[in-house]
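J.: Give me the fold of what follows.
(2 chains)
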There are 2 protein chains.
Amino acid sequence: MPEVSDPKADLKPKAHRLTDEQSIARLKDFGMGLRNQIETNEPPAFNVPTRTKSNIYFNERDLMLELGKKKSSRRFMNVAHLRKFMQSTVVAAACQEYMKQSRTVAKRELYYNLKWTLPGTHENVFEDDTESGQVLDDLECSLDILREQLHVNAKGRGSIYGDIDLKQLGDEFSCKGLGRGGWLIPGNVEDVEVLNCNADYILAIENDAMFSRLIEEKAWKRLGCLLVTGEGMFPRGVRRFIKILQEKKNLPVIVFNDGDPWGWYIYSVLKYGSIELAHLSNRYAVPKSKFVGMTMDDIDTYGLQKVTEKLKDIDRKKIREEMEYPWFKHSPEWMKQLKLMSEKGVRLEQQALASKSLQFVAEKYLPEKIEKQDFLP
Amino acid sequence: MPEVSDPKADLKPKAHRLTDEQSIARLKDFGMGLRNQIETNEPPAFNVPTRTKSNIYFNERDLMLELGKKKSSRRFMNVAHLRKFMQSTVVAAACQEYMKQSRTVAKRELYYNLKWTLPGTHENVFEDDTESGQVLDDLECSLDILREQLHVNAKGRGSIYGDIDLKQLGDEFSCKGLGRGGWLIPGNVEDVEVLNCNADYILAIENDAMFSRLIEEKAWKRLGCLLVTGEGMFPRGVRRFIKILQEKKNLPVIVFNDGDPWGWYIYSVLKYGSIELAHLSNRYAVPKSKFVGMTMDDIDTYGLQKVTEKLKDIDRKKIREEMEYPWFKHSPEWMKQLKLMSEKGVRLEQQALASKSLQFVAEKYLPEKIEKQDFLP
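T.: Numbers count the residues shown, from 1 in each chain, chains lettered A, B, ... in the order given. All right, here's what the predicted structure looks like:
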């Protein structure tokens, strides 16, 4: 079992899971706040933290992207705000109803479900789903509650395989013994309970073909880990699931991605959060994550010179951008890797390890690097 | 249980599953053929059916896209063919080795696994994975064997939920009782065995959010069906899995897609095959499929006038194209639908049903249409 220790681990925020009762209470507070304003003849209004780049900063202590203190308000008495104000109350009411019914919806379903004409007017609640999406983002941010906790699901994508038993919707099931497949990680994991977990860490894998390779090689057993893939960029549901598992079971997270600016970026989003979801980093970011590969050093260490791919212009552009990101810029190890990639002019995919042998990744590469804790921070 | 009868059902080709022994035998025949040519001083060559549009036709009897009789040859003594000839033998040998090892590979893994320099030359077996992909397509076509049967996996995507027990890689597992998730349909289902199946039909669903809705509503139980989604266009693995289930258990396939030219096209690919994979239609196409919705008639029947979306130019272009596809052109029902869509100028998404209520699709729309067999052919 690898020891991936982090001196700041205890300072990190927790996953902030909420029961439906707690979520409903927040919605009620929101509604009561508006009602109190009306009853005291105040013009109803509520605040929404600003999510533009100027209000996003990198918190060096907690190691995550966060919002600053800027807020804007949605005022009922402002004609420019009125429509959004109305939409926010409609969505909040609908979400409360979904929770009471123990139902969840997709974003697109929410849109259609609320696409009606306001009684006595010609005004539709929503004209398109961009409108409903924005209101949902606002509510998430101003009520400090996840969209999924409001029962609006993210996209189900990615999967998990390994020795863990879960419970959801009253079903109890294992994520091992599933042939070549795995359990599809649904777009809402807020109600997942972990019953048993017999694993030392989570191995988060960029490429789903590598995930299949590691199932076939029974690597989850050999390495004692849970295999999780997001099929490329780890989607919201997968990041949330990893965060919950990591905190519930205190599991280290080791990330295994392509050795290119995109694989490294995907890692950084898992670890520090993303600009788009900076208001949710404390629910998504896993600052304890470590990166096992692919690195530029792997090329010489494992004799992979013949299976690199040439960098394209778009790769070089992304490298230059990443060298300016604070989380890379302040890390000598990552700056060394980015410079090396630039100098060598090549990228290295996970699957390039197949040039050694199909089993090489499971029998040599991963066990060796994880045993030695040969990680990037 | 719906009776989806098809008078021609018994004439349809079977799923053509092969054991590894049978697949190895085909590869051996291929190799022995070349060896015999060499031993009898014939210049080695093999034939590959032509896969260009000029050799693809719609078989009206069997209701599927198929290749004609045109073939081209790959000749060892032709400089223009030599490289592909060499690559074909390398891939065939590698696939045989994978089968012996009971391993499978992704396309990209195959490429890296075979990216070596020929001994005594400066010639790489492959320069990029387009080369290895083409050779694989050729082998699949000339040996009449699926890539997956050669142990080269498609992408794992899509999932299944319902009362069916499967066996793969020695694991026995159920596809129900999996919370909000499902079993991720892997990129190779050739070795899936069906242990028990307690369902009357397969409901193939375009949109994975609708799949989630139907899990949440326990529609698989209420309707007695297996829920399968491909997350948009049904990918290779999902189509193959549906084909195998349909033939093994003689299950009708009912398709539930968006009411737009894309959803209808996705249905037609599942039913008749695709131009890209016309050489494999007998392994993928499910001519017995029926289409339950969304249709243009649903707009009036279910009062969905307010939740249609306007057609875009690209939708109109696709409608015009589809009116020329023989499988739509010769179907009065489909031509009526395409014309209606054109006239109304709107499309209708599956999730528009949420405007009635979240449970409407599971409690009213699907049970009613399936009971009445209100299908498009």
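J.: helix or strand for the closest residue in space to A:Cys95 that isn't next to it in sequence, which one?
T.: In space, and not counting its chain neighbours, A:Cys95 is closest to A:Leu150: 4.1 Å by Cβ to Cβ, 6 or more residues apart in numbering or on different chains. The C-beta positions use only the backbone N, C-alpha and C, and glycine is treated the same way. Applying DSSP states H and E as the criterion places A:Leu150 outside every helix and strand.
J.: Might one say that A:Leu150 is in contact with A:Cys141?
T.: No. A:Leu150 lies out of contact with A:Cys141 (Cβ atoms under 8 Å); the separation is 11.8 Å.
J.: who's more crowded, the two?
T.: Using other Cβ atoms under 10 Å in any protein chain shown as the criterion, A:Leu150 and A:Cys141 rank with A:Leu150 on top: 29 against 21.
J.: In contact with that one, which residues are there?
T.: A:Ser23, A:Leu27, A:Cys95, A:Tyr98, A:Met99, A:Leu136, A:Leu139, A:Glu140 (Cβ atoms under 8 Å, 6 or more residues apart in numbering or on different chains).
J.: switch to 10 Å and redo it
T.: A:18, A:20, A:23-24, A:26-27, A:91-92, A:94-96, A:98-99, A:104-105, A:110, A:136, A:139-140, A:143, A:190 (Cβ atoms under 10 Å, 6 or more residues apart in numbering or on different chains).
J.: which among these end up buried?
T.: Taking 16 or more other Cβ atoms under 10 Å in any protein chain shown as the criterion, what is buried in these is A:18, A:20, A:23-24, A:26-27, A:91-92, A:94-96, A:98-99, A:104-105, A:110, A:136, A:139-140, A:143, A:190.
J.: from those, which ones fall inside strands?
T.: Per DSSP state E, strands hold the following members of those: A:Val105.
J.: Contacts for the helix or strand encompassing A:Lys339 next, please.
T.: Element membership of A:Lys339, judged by DSSP H and E, is helix A:332-344. For helix A:332-344, the surrounding residues in contact (Cβ under 10 Å, 6+ apart) are A:259-261, A:264, A:267-268, A:291, A:295-297, A:299-300, A:305, A:308, A:310-311, A:315-316, A:318-320, A:322-323, A:325, A:327-329, A:331, A:346-348, A:375-377.
J.: taking those residues one by one, which sit in helices?
T.: Among the contacts of helix A:332-344, the members falling in helices (DSSP state H) are A:261, A:264, A:267-268, A:297, A:299-300, A:315-316, A:318-320, A:322, A:327-329.
J.: so which of those residues comes closest to chain B?
T.: Distance to chain B, by Cβ to the nearest Cβ, is smallest for A:Ile299 among the ones in helices among the contacts of helix A:332-344, at 13.6 Å.
J.: pLDDT at that closest one, what is it?
T.: Here the pLDDT value assigned to A:Ile299 is 98.
J.: and it, how many neighbours?
T.: Other residues close to A:Ile299 by other Cβ under 10 Å number 21.
J.: And the residue of the stretch 1-150 of chain A closest to chain B?
T.: A:Ala106 (3.3 Å).
J.: Surely that residue touches A:Lys155?
T.: Yes. Assessed by Cβ atoms under 10 Å, A:Ala106 is found in contact with A:Lys155 at 7.9 Å.
J.: What count of nearby residues applies to A:Ala204?
T.: 31.
J.: what sits against it?
T.: Contacts of A:Ala204 by Cβ under 10 Å, 6+ apart are A:158, A:160, A:211, A:225-230, A:234, A:238-239, A:242, A:246, A:253-257, A:266-267, A:270, A:286, A:289, A:291-292.
J.: How about A:Gly156?
T.: Counted by Cβ under 10 Å, 6+ apart, A:Gly156 has contacts A:106, A:184-189, A:235, A:237-238, B:159, B:180-182, B:208-209, B:211-212, B:215, B:229, B:231.
J.: now do A:Leu366
T.: Here A:Leu366 is in contact with A:203, A:214, A:217, A:219, A:222-223, A:225, A:254, A:256, A:292-293, A:353, A:360 (Cβ under 10 Å, 6+ apart).
J.: Out of those residues, which are close to chain B?
T.: A:Glu217, A:Leu353, A:Phe360 (Cβ under 10 Å from any Cβ of the partner chain).
J.: quick check, nearest of these to A:Met77?
T.: Set against A:Met77, the nearest of the ones next to chain B among the contacts of A:Leu366 by Cβ to Cβ is A:Leu353 (62.4 Å).
J.: Now do the helices in the stretch 151-300 of chain A.
T.: For the stretch 151-300 of chain A, applying DSSP state H, counting those that start in this stretch gives helices covering A:208-216, A:219-222, A:236-249, A:261-272, A:281-284, A:297-301.
J.: I'd like to know which of those helices lies nearest to B:Phe76.
T.: The nearest among the helices of the stretch 151-300 of chain A, by Cβ to Cβ, is helix A:208-216 at 32.3 Å.
J.: Could I have the CA atoms of that closest one written out in CSV?
T.: Output in CSV follows, covering the C-alpha atoms of helix A:208-216 (Å, rounded to 0.1, in the frame of the first residue of the first chain):
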residue,chain,number,x,y,z
ASP,A,208,-11.0,4.0,-21.0
ALA,A,209,-9.1,1.5,-23.1
MET,A,210,-6.4,1.5,-20.5
PHE,A,211,-9.1,1.0,-17.9
SER,A,212,-10.1,-2.1,-19.9
ARG,A,213,-6.5,-3.3,-20.1
LEU,A,214,-6.2,-3.0,-16.3
ILE,A,215,-9.4,-4.9,-15.7
GLU,A,216,-8.2,-7.7,-18.1
